[in-house]
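*Asks:* would you be able to build a 3D model of this:
(2 chains, ligands or ions: 4)
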Amino acid sequence: MPDAPESADATDDAADDGIEAGVDRPGGSGLGAAAGAESPGAPDRVAMRVWRGDPGGGEFAEYELAAQDGEVVLDVIHRLQATDAPDLACRWNCKAGKCGSCSAEINGRPRLMCMTRMDELPEGPVTVAPMRTFPIIKDLVTDVSFNYEVAKTVPAFSPVPEPPDGYRMQQVDIERGQEFRKCIECFLCQDVCHVIRDHEENKPRYAGPRFFIRFAELEMHPLDTNDRRELVRQKGGLGMCNITKCCTEVCPEHIKITDNAIIPMKERVVDAAYDPIGWLGRTIMRRHKRSAEEAAAGGQ
Amino acid sequence: MSEYESHQYDIIVIGAGGAGLRAAIEAQGRGLRTALICKSLFGKAHTVMAEGGVAAAMGNVYPEDNWKVHFRDTMRGGKLLNNWRMAQLHAQEAPDRVHELEAWGALFDRTNDGRITQRDFGGHRYARLAHVGDRTGLEMIRTLQQKAVSMDIDVFMECKILRLLPDAQGRISGAVGYWRATGEFVTFTAKAFVLATGGIGKSWMYTSNSWESTGDGHAMAIWAGADVIEMESVQFHPTGMVWPLSVRGLLVTEGVRGDGGVLRNSEGTRFMFNYVAPMFRAETAETEEEADRWYDDHANNRRTPALLPRDEVARAINAEVKAGRGSPHGGVFLDIASRRSAEYIRRRLPSMYTQFKELAGVDITATPMEVGPTCHYMMGGVRVDADTEAATVPGLFAAGEVAGGMHGANRLGGNSLSDLLVFGRRAGIGAADYAEGRTGDPEVDGAEIEAIVAEALAPLGRNGGESPYDLHRDLQETMQTLVGIIRTGPELEEALEKLGVLRERSENLTVTGGRVYNPAWNLATDLPSMLTVSTAVAQGALARKESRGGHTREDFPAADPELGKVNFVQRQTDDRGPDAPIIVSPEPLPEMPAELRQLLEEGQ
Ligand SMILES: Cc1cc2nc3c(=O)[nH]c(=O)nc-3n(C[C@H](O)[C@H](O)[C@H](O)COP(=O)(O)OP(=O)(O)OC[C@H]3O[C@@H](n4cnc5c(N)ncnc54)[C@H](O)[C@@H]3O)c2cc1C
Ligand code: SF4
Ligand code: SF4
Ligand code: FES
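*Replies:* Ligands and ions are numbered 1, 2, ... in the order given. Model prediction:
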């Protein structure tokens, strides 16, 4: 990707270092740039450094505007659009952390702009950059079509036939699936995952954390009959994930991507012949599932 | 057909919210080549924001529930202005549509015996809303999205449609739009078009709606010569956030009240007991004790007035604030903290908990919320045939929030998500039937395309005009202050005058920067829809000289039985487009069969 915004470095390095780094540093320690810039002026002003550019390149533009009570980063971006920067591109829809449109890297950390309060960020200019893992379209907007392409490769939900009085499922059996279905497809986990961040060449053979939870959700669905384990191992590249947990750290829905989806999936896909423990785990975990034939044969 | 990128399908569905997705699934399932078009990324449509649930008389919690009760609740909630046939189909088919989602992978919250559980909501006699915590819309859109992907439906995302095009015989046959990512124009031809473009809230200052809700579908239908009805019926949801200012209008789900929350004024009084309209007196609790018992025992107690239909609650809040009994930031208090355990609140209302915690710094398990009315939902819209969702021009269909009739003068909570499923599916069938019966390839006039493109590009070539953001802000202010929750004749006339001026100003918009993902230009192309739709709302509101449902006239505070028998229909006749006048005329509602009328009277 040409000329990706530099501000993303903090997170990037962190991801490489391992577990928690890079995500609990709202100040973006690697982002000396922000701290080095001019002081924000009176406390009733806010200073912003917003990446402006296109696939050909770009740079951070600096803005200063009046502070307003209770604002989130997206509010400030909107005020910039209405004043200094009418063509500043960003995505948003719900402004309530529900749609996953407004993903960006704020002070180097992948976050939702609509759920990041200005007053929780450290003093000094606030840096807003686009997600680095995806190609730039313009300013804060990136081309996230990679994710939609991966989605097409996930074999569909395929339930057992419906019994005459409807499906029955116990709440406890669907709770894990419901956790994964909280995903708002903000793609922040995809953005932070070092396997594809700065490794374009891995994209064709890596589904990424968002889709590992999708696979896991289907695997754990009490009514589903498909078996996607080989697929997630081979084409999904599950083996390339080295459980750094960076994805979990940035997930705005607090989905425990690594512990609850990736690790159990890894256990399930190990080849039974070489790994009896994995095989045992798999047998146990699949006991809720019946194949379509079993279900049909079983009367209802 | 022209120099632009072009695509041909059997059926084009404009809008990828619940209604559009459901329509496309049906049409593609019939073996017709179908495409979905949406302004945002796929999966981000407004439907994703729906919180409380989807209404369907499945009877899982209260076996005494059935479609007849649901029908009755819907009609009464709509102040009998609903299209009775739509209300009937909706009540009858909603349970199947919800079960179908389950077969497509949705995971609704369960009852103890493993079925889909249901929650209480305003205006519904029984606990009727299937839900997933307070993120039901997300579950619904994801389920439908995944189903659509599995069926290989083509999706054109971040593509904005500007206008529909007829063929020489007047059948809708094409559409022109542009890609937001490149600003390049694109044309579509198809044998049938389904509008599923959602709502219009973005013309008001305080709204629960996203930037997409600019009424494009309503406007495109009007410009294509289709009838729209009930444009005066705009729903102001009683509970939007009021503080901080930057989130003013953001929705607080009715599920808070469904799960035990109550409204209090600054004196701590549960004021809803003082606002029970005669129509609801017989079925509403008179004391706090009875209201509180009702949550656990619907059979022996009457329902809490906190869950009266939305129009009633919104007006009550408005009156309390006016009387000086409001909260510090101009709302009232919504209190669940003192009534339910913190654990219960966090489990039942997780996203409300986060929303307040993160955006307002308020812990709703400890402190009451401050809430006030917010522009939320458009009851009015494209006039359709109840069974097929066909609009009044051939080749055009409409479903979801863009269609009118189903909800009458006021929509009950939860009845929108079910509406999307029931009528999305029917629109898919209607469009498929029409497309199969249509002969010849759809053809449109190239000159018309050029004119639309030129109009869209005009602000980019103009210097020294005004900013679309300024015009939008002035429009929002006009609609908020003059066409808000309480209306008067003189104010509506003033609004129409101002809208005329805004329309003139819109001829002089200037946009800087290029066409590539330029939000200023995108807004400039949304403004014609907003102006047309706002004008229709104000005209309808002026015409309906009574108060009914979401439409309240201070100068005509009572309902007029004669006006309860008509729809105000609006259309453009010979002259069409953003500049052409829209004619308003009252037309009688469809006649309801006696056996259904009977249902309405039962249990009163
Ligand atoms: C915060 C909130 C909570 C809600 N909660 C509930 C609830 O609990 N229960 C309930 O029943 N209802 C609820 N509603 C109402 C309900 O969510 C909406 O009415 C419903 O989702 C509308 O769905 P739709 O399919 O008609 O349109 P939408 O979901 O609004 O989708 C519209 C689609 O049209 C596309 N579009 C629009 N214009 C164009 C154009 N010009 N070109 C191309 N594409 C276009 C958009 O991109 C989008 O894909 C809620 C609404 C809000 C705002
Ligand atoms: S998917 Fe694996 S490698 Fe990627 S961020 Fe998550 S845990 Fe780390
Ligand atoms: S799993 Fe979390 S971070 Fe990843 S896309 Fe979903 S919501 Fe976003
Ligand atoms: S705008 Fe929807 S998540 Fe931020």
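
*Asks:* for the rest of this, base every contact and every neighbour count on C-alpha atoms.
*Replies:* Fine.

*Asks:* partner strands of the strand or helix carrying residue A:61, with direction?
*Replies:* Using DSSP states H and E, residue A:61 sits in strand A:57-66. Sheet pairing here is set by DSSP bridges, and for strand A:57-66 it gives strand A:45-54 (antiparallel).

*Asks:* list the buried residues of the partner strand.
*Replies:* Neighbour counts over strand A:45-54 (16 or more other Cα atoms under 10 Å in any protein chain shown) mark A:46-54 as buried.

*Asks:* for the residue of the stretch 401-550 of chain B found nearest chain A, which non-adjacent residue is spatially closest?
*Replies:* Minimum separation of the stretch 401-550 of chain B from chain A (Cα to the nearest Cα) falls at residue B:518, amounting to 4.9 Å. Spatial nearest neighbour of residue B:518, chain neighbours left out: residue A:87 (4.9 Å); criterion: Cα to Cα, 6 or more residues apart in numbering or on different chains.

*Asks:* any idea how far ligand 2 is from the residue of the stretch 401-550 of chain B closest to chain A?
*Replies:* Computed as Cα to the nearest ligand atom, to the nearest Å, the residue B:518 to ligand 2 distance reads 32 Å.

*Asks:* before we move on, what about residue B:316?
*Replies:* Applying Cα to the nearest ligand atom to residue B:316 and ligand 2 gives a distance of 50 Å.

*Asks:* check residue B:95 too.
*Replies:* On the measure of Cα to the nearest ligand atom, residue B:95 and ligand 2 end up 39 Å apart.

*Asks:* need the helices for chain A, in chain order.
*Replies:* A:9-17, A:32-36, A:73-82, A:145-153, A:171-181, A:188-192, A:209-220, A:229-234, A:246-250, A:263-269, A:276-285, A:292-297 (DSSP state H).

*Asks:* contacting residues for residue 61?
*Replies:* Went with chain A since none was named. The contact partners of residue A:61, by Cα atoms under 8 Å, 6 or more residues apart in numbering or on different chains, come to A:48-52.

*Asks:* the chain in question should be chain B.
*Replies:* B:111, B:117-118, B:127-128.

*Asks:* any idea which helix or strand carries it?
*Replies:* Short version, using DSSP H and E: residue B:61 is in no helix or strand.

*Asks:* for it, phi and psi?
*Replies:* phi -100, psi -40 (degrees, to the nearest 10).

*Asks:* that older thread, looking at the contacts of residue B:61, which are in strands?
*Replies:* Judged by DSSP state E, the subset of these located in strands is residue B:118.

*Asks:* would TSV of the contacts of residue B:61 with neighbour count be doable?
*Replies:* As requested, the contacts of residue B:61 are arranged in TSV below (neighbours: other Cα atoms under 10 Å in any protein chain shown):
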residue	neighbour count
B:111	16
B:117	21
B:118	27
B:127	24
B:128	26
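
*Asks:* so where's chain B shaky on pLDDT?
*Replies:* Applying pLDDT under 70 to chain B picks out residues B:1-2, B:603-604.

*Asks:* roughly how far does the closest residue to residue A:170 other than its chain neighbours sit from residue A:219?
*Replies:* Distances taken as Cα to Cα, 6+ apart put residue B:114 closest to residue A:170, at 4.7 Å, once the chain neighbours are dropped. Residue B:114 is 20 Å from residue A:219, where distance means Cα to Cα, to the nearest Å.

*Asks:* for residue B:280, same thing?
*Replies:* 48 Å.

*Asks:* for the stretch 151-300 of chain B, which segments count as strands?
*Replies:* With DSSP state E, counting those that start in this stretch as the criterion, the stretch 151-300 of chain B has strands at B:154-157, B:159-166, B:172-179, B:185-195, B:228-229, B:234-241, B:262-264.
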